[in-house]
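# The following block contains a protein sequence and its predicted model.
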2 protein chains.
Amino acid sequence: MYGYIGSMRTSPGKREEVIAHLLKSLDGLPAAGCLSYVVSECPDDDDRIWVTEVWESAEHHAASLQLPETRAAIATAMPLLTGEFTRQETRVVGGLGLP
Amino acid sequence: MYGYIGSMRTSPGKREEVIAHLLKSLDGLPAAGCLSYVVSECPDDDDRIWVTEVWESAEHHAASLQLPETRAAIATAMPLLTGEFTRQETRVVGGLGLP
């Protein structure tokens, strides 16, 4: 399984709006192979969002970026972001709620 | 909800063994308020493990560290670790598989 741990910074005051966009775009992800998708606020940085994801494979994750709802969420959120991202890919071995 | 994103480094060659200990200690966590617990290998560091967790609250997470199986897993794993940890706490807003 493929894991992704990433953060993004929003323009000041835009975090809540971006999080809402992200959470609205999740419905189609399970069918695309998403096993877990968690959206969080960073408690020590008012403009940072953390996202942790688990996918059946890296290919499933890559393909999901072409889903209409994912492309729409990215297009909507991008103007509200500063462009500062962190990203860590992982090889998921197991855990609660995972096959 | 409370989120935790952390990594730990093992002594060379001990990663698989530590991951096995971690995965064996998960059974009691849902009853303790754990909503997600993912254990992963770091693909660009052979000795690093990533763990991402979601709990009902920070208090549930703190209390879980006193569970016998959690204390046993920590005691067993600690000698196999180098002591190099990273940790990021988060405020989980929502996601797939979460209430």
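Arrived safely, thanks for sending.
# Excluding covalently adjacent residues, which one is nearest to A:D27?
A:E69 (7.1 Å; C-beta to C-beta, 6 or more residues apart in numbering or on different chains). In this view, the C-beta of every residue, glycine as well, is placed from N, C-alpha and C.
# For that neighbour, give me its contacts.
A:E69 makes contact with A:25, A:27-28, according to C-beta atoms under 8 Å, 6 or more residues apart in numbering or on different chains.
# let's go with 10 Å and repeat that
Counting by C-beta atoms under 10 Å, 6 or more residues apart in numbering or on different chains, A:E69 touches A:24-29, A:32.
# Next, count neighbours for A:L23.
If you count neighbours by other C-beta atoms under 10 Å in any protein chain shown, A:L23 ends up with 16.
# pLDDT weak spots in chain A?
Across chain A, nothing is flagged by pLDDT under 70.
# quick one: the helices in it?
Secondary structure of chain A by DSSP state H: the helices cover A:15-24, A:58-64, A:68-77.
# Of all those helices, which one is nearest A:D45?
A:D45 lies closest, by C-beta to C-beta, to one member of the helices of chain A: helix A:15-24, at 9.4 Å.
# any idea how far chain B is from the residue positioned nearest the centre of chain A?
Centroid-nearest residue in chain A, with C-alpha atoms, centre = their mean: A:V51, separated by 4.6 Å. Distance, A:V51 to chain B, by C-beta to the nearest C-beta, to the nearest Å: 8 Å.
# Was I right to think that residue contacts A:V38?
Yes: using C-beta atoms under 10 Å, A:V51 makes contact with A:V38 at a distance of 6.9 Å.
# Now do the shared contacts for these two.
Residues within reach of A:V51 and of A:V38 at once, by C-beta under 10 Å, 6+ apart, are A:5, B:90, B:95.
# Closest one of these to B:C42?
A:I5 (10.0 Å).
# Bridge partners for the closest one, pull those for me.
Note on A:I5: beta-bridge partners by DSSP bridges are A:T52, A:Q88.
# That one: neighbouring residues, count only.
A:I5 has 21 nearby residues by other C-beta under 10 Å.
# A:Y37 is in contact with that one, correct?
No: contact criterion C-beta under 10 Å: A:I5 and A:Y37 do not qualify, at 11.9 Å.
# Identify the contacts common to the two.
Contacts common to A:I5 and A:Y37, judged by C-beta under 10 Å, 6+ apart, are A:51-53.
# can you redo those residues as TSV with distance to A:T86?
Formatted as TSV, the shared contacts of A:I5 and A:Y37 follow (distance: C-beta to C-beta, whole Å):
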residue	distance to A:T86
A:V51	10
A:T52	12
A:E53	14
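# ok, those residues vs B:S64, which is closest?
For these, the residue nearest B:S64 by C-beta to C-beta is A:T52; the value is 18.5 Å.
# isn't that closest one right up against B:G95?
Yes: here A:T52 reaches B:G95: they are 8.3 Å apart, a contact under C-beta under 10 Å.
# Much appreciated, bye for now.
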